[in-house]
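Participant: no FASTA, just this:
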Ligand SMILES: Cc1cc2nc3c(=O)[nH]c(=O)nc-3n(C[C@H](O)[C@H](O)[C@H](O)COP(=O)(O)OP(=O)(O)OC[C@H]3O[C@@H](n4cnc5c(N)ncnc54)[C@H](O)[C@@H]3O)c2cc1C
């Protein structure tokens with residue numbers, strides 16, 4: 001294959017599929033090759049810990065594009081294919097099969113992988129990580145018969161999986177080293193809302209605990225031993241202790257990596273013909289004037305659109321306000337903004353916090369809105385995002401008064 005005008009995308013998940021789609025929508029008529037090591041066509045992961053895990057819908061609803069789309073748009077989708085190396089000087093990628101493909105521009109959307117638990121017994125059967133659709137299938141099957149489930153890590157994946165396990169009538173214990181769930185991301189005020197949500201739904205939450213060992217018999221897990229000697233019985237263990245970006249290819253190719261593949265606001269890496277987007281990219285964010293690596297769906301949806309345009313030579317700058325969402329039991333929420341752990345002055349609320357129908361605002365020392373979260377209140381996220389983007393002080397009285405439209409405050 002000639003490299004003259006070939007666009008190669010490594011990582012066939014949401015970000016990769018969105019980039020391929022954008023290339024075609026922008027009128028690019030040359031070859032587009034989308035390479036992924038999974039066997040499934042590109043799909044969205046959020047339902048894997050929510051509706052799909054609870055058996056509410058099948059695989060078709062997960063797909064980023066219908067199966068026929070790739071052929072119809074002449075996208076050469078190569079599934080079950082590992083890219084083993086990049087040769088930036090030759091403008092080639094090598095596949096694990098030994099085949100080499102030339103590119104004119106390359107996009108890395110290699111995403112991230114679950115961090116592994118490093119304790120004895122972590123390789124027993126019945127211990128699961130959740131990243132791929134096949135993981136979700138296996139966990140759903142393991143929930144059959146209402147087993148005892150221990151969830152290690154009270155982050156988003158851990159909590160959503162705990163909620164799905166409760167929906168399957170499992171007895172659920174959540175084990176977390178911090179004092180509250182999601183403490184680093186949300187801070188104490190809102191972390192408490194999530195602790196209460198799970199306690200109200202019958203989850204046994206254990207905070208400030210260290211997992212020392214997974215115990216088992218005949219190769220299958222039967223429990224978790226904590227550092228203080230406490231034994232928690234479990235037939236199924238779900239590990240959700242964070243993710244790490246898949247930077248190996250980029251690092252081996254000599255690209256700048258630092259908590260992900262480092263890019264500028266155009267999503268261009270330290271090699272002018274290689275771009276990165278999605279979970280793997282640590283991109284310069286013009287609004288925050290620093291590099292941010294965002295591990296969320298909206299970023300994986302929107303950032304590759306900008307990256308694909310940049311690959312076509314457009315002058316783009318990706319500066320969307322970070323956004324994410326979750327659904328757990330009867331709580332649905334959206335969050336817009338960015339706050340470093342402990343990097344806020346105060347949280348103020350509008351609405352009914354005990355009733356779980358409210359908006360929380362994280363404020364900086366100068367009264368700016370750094371982030372906002374709407375819980376079971378809808379159609380306000382754009383207004384929250386505008387408040388964050390405005391980067392100017394807003395009166396607390398106005399923020400907490402539900403009679404004042406948020407739109408009027410930005
Ligand atoms: C269970 C779950 C629930 C989630 N829920 C939410 C949510 O509610 N809200 C939210 O905002 N976000 C959520 N997320 C996060 C969101 O799904 C991710 O941000 C998104 O998947 C990132 O997309 P990506 O395309 O950048 O990377 P990924 O989805 O990680 O895809 C990268 C792909 O590249 C492949 N790959 C890597 N290296 C190679 C190689 N060398 N050769 C070939 N292929 C390679 C990988 O196998 C993978 O298929 C959730 C994630 C998970 C796992």
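Facilitator: The structure has been received and is ready for your questions. Note that the coordinates shown come from a computational prediction; the quantities given were computed from them, not determined experimentally. Residues are numbered from 1 along each chain as shown.
Participant: enumerate the residues of this structure near the ligand.
Facilitator: 10-16, 35-38, 45-46, 48-49, 82-83, 109-112, 130-131, 157, 246, 249, 278-279, 295-298, 300, 324-326 (CB under 6 Å from any ligand atom). Placement of C-beta: from N, CA and C, glycine included.
Participant: let me know the pLDDT of the closest residue to the ligand within the stretch 201-350 of the chain.
Facilitator: Among the residues of the stretch 201-350 of the chain, residue 278 lies closest to the ligand, at 2.2 Å counting by CB to the nearest ligand atom. pLDDT recorded at residue 278 is 99.
Participant: how many other residues sit next to it?
Facilitator: 35 (other CB atoms under 10 Å).
Participant: below-threshold pLDDT in this structure: ranges please.
Facilitator: Within the chain, the stretches with pLDDT under 70 are 1-3.
Participant: the domain parsing of it - what is it?
Facilitator: 7-113+244-311, 127-241, 330-409 (automatic domain parsing).
Participant: now do the helices in the stretch 251-400 of the chain.
Facilitator: For the stretch 251-400 of the chain, the helices defined by DSSP state H, counting those that start in this stretch cover 297-311, 381-390, 396-400.
Participant: could I get the ones you listed as JSON lines with mean neighbour count?
Facilitator: Output for the helices of the stretch 251-400 of the chain, formatted as JSON lines (neighbours: other CB atoms under 10 Å):
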{"stretch": "helix 297-311", "mean neighbour count": "24"}
{"stretch": "helix 381-390", "mean neighbour count": "19"}
{"stretch": "helix 396-400", "mean neighbour count": "15"}
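Participant: for the ones you listed, give me JSON lines that also has distance to residue 262.
Facilitator: Below are the helices of the stretch 251-400 of the chain laid out as JSON lines (distance: least, CB to CB, whole Å):
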{"stretch": "helix 297-311", "distance to residue 262": "14"}
{"stretch": "helix 381-390", "distance to residue 262": "24"}
{"stretch": "helix 396-400", "distance to residue 262": "35"}
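Participant: which of the ones you listed sits closest to residue 340?
Facilitator: When the helices of the stretch 251-400 of the chain are compared by CB to CB, helix 381-390 sits nearest residue 340, at 14.1 Å.
Participant: now find how far off-centre that closest one is within its chain.
Facilitator: 21 Å (CA atoms, centre = their mean, to the nearest Å).
Participant: by contact count, what packs against that helix?
Facilitator: strand 331-337, strand 357-363, strand 369-375 (3 or more CB pairs under 8 Å, 6 or more residues apart in numbering; DSSP states H and E).
Participant: mind running it again at 6 Å?
Facilitator: strand 331-337, strand 369-375 (3 or more CB pairs under 6 Å, 6 or more residues apart in numbering; DSSP states H and E).
Participant: now, of the ones you listed, which is deepest in the fold?
Facilitator: The highest mean neighbour count among these, using mean count of other CB atoms under 10 Å, belongs to strand 369-375: a mean of 25.
Participant: neighbouring strands - and their directions - for that one?
Facilitator: strand 331-337 (antiparallel), strand 357-363 (antiparallel) (DSSP bridges).
Participant: any idea how far the closest residue to residue 252 other than its chain neighbours lies from residue 97?
Facilitator: Among residues not flanking residue 252 along the chain, residue 85 sits closest, at 6.3 Å (CB to CB, 6 or more residues apart in numbering). Noted for residue 85: a distance of 12 Å to residue 97, by CB to CB, to the nearest Å.
Participant: the more surrounded of those two?
Facilitator: Neighbour totals were compared for residue 85 and residue 97, and residue 85 leads with 14 against 9 (other CB under 10 Å).
Participant: quick check: bridge partners of the more buried one?
Facilitator: Under the criterion used (DSSP bridges), residue 85 bridges to residue 94.
Participant: hmm, the residue nearest to residue 252 is touching residue 94, no?
Facilitator: Yes. Here residue 85 reaches residue 94: they are 4.6 Å apart, a contact under CB atoms under 6 Å.
Participant: contacts only, for residue 129.
Facilitator: In this structure, residue 129 makes contact with 114, 239, judged by CB atoms under 6 Å, 6 or more residues apart in numbering.
Participant: how close does it sit to residue 272?
Facilitator: From residue 129 to residue 272 the distance is 36 Å (CB to CB).
Participant: how about residue 402?
Facilitator: Counting by CB to CB, the gap from residue 402 to residue 272 is 50 Å.
Participant: looking at those two, which is more packed in?
Facilitator: residue 402 (13 against 10).
Participant: neighbours of the nearest residue in space to residue 346 that is not next to it in sequence, just the number please.
Facilitator: Spatial nearest neighbour of residue 346, chain neighbours left out: residue 363 (5.0 Å); criterion: CB to CB, 6+ apart. Residue 363: 21 surrounding residues under other CB under 10 Å.
Participant: beta partners of residue 363?
Facilitator: residue 346, residue 369.
Participant: show me the strands in the stretch 201-350 of the chain, by range?
Facilitator: 204-207, 211-217, 220-226, 231-233, 236-239, 243-245, 261-263, 274-276, 281-285, 290-292, 323-328, 331-337, 346-352 (DSSP state E, counting those that start in this stretch).
Participant: what does the fifth one contact?
Facilitator: What that stands for is strand 236-239. So strand 236-239 is in contact with 117, 126-129, 142, 147, 149-152, 161, 221, going by CB under 6 Å, 6+ apart.
Participant: and the last one, by the same measure?
Facilitator: Applying CB under 6 Å, 6+ apart, the set of residues contacting strand 346-352 from outside is 189, 357, 358, 359, 360, 361, 362, 363, 396, 399, 400, 402.
Participant: please identify the helix or strand for the first one.
Facilitator: Looking back up the chat, that one is residue 189. helix 188-200 (DSSP states H and E).
Participant: list the contacts of that helix.
Facilitator: 180, 181, 182, 183, 205, 331, 347, 360.
Participant: mind putting those residues in a markdown table, distance to residue 59 included?
Facilitator: Output for those, formatted as a markdown table (distance: CB to CB, whole Å):
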| residue | distance to residue 59 |
| --- | --- |
| 180 | 35 |
| 181 | 29 |
| 182 | 29 |
| 183 | 34 |
| 205 | 32 |
| 331 | 26 |
| 347 | 39 |
| 360 | 35 |
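Participant: may I ask which of these has the most neighbours?
Facilitator: Top of these by neighbour count (other CB under 10 Å): residue 181, with 26 neighbours.
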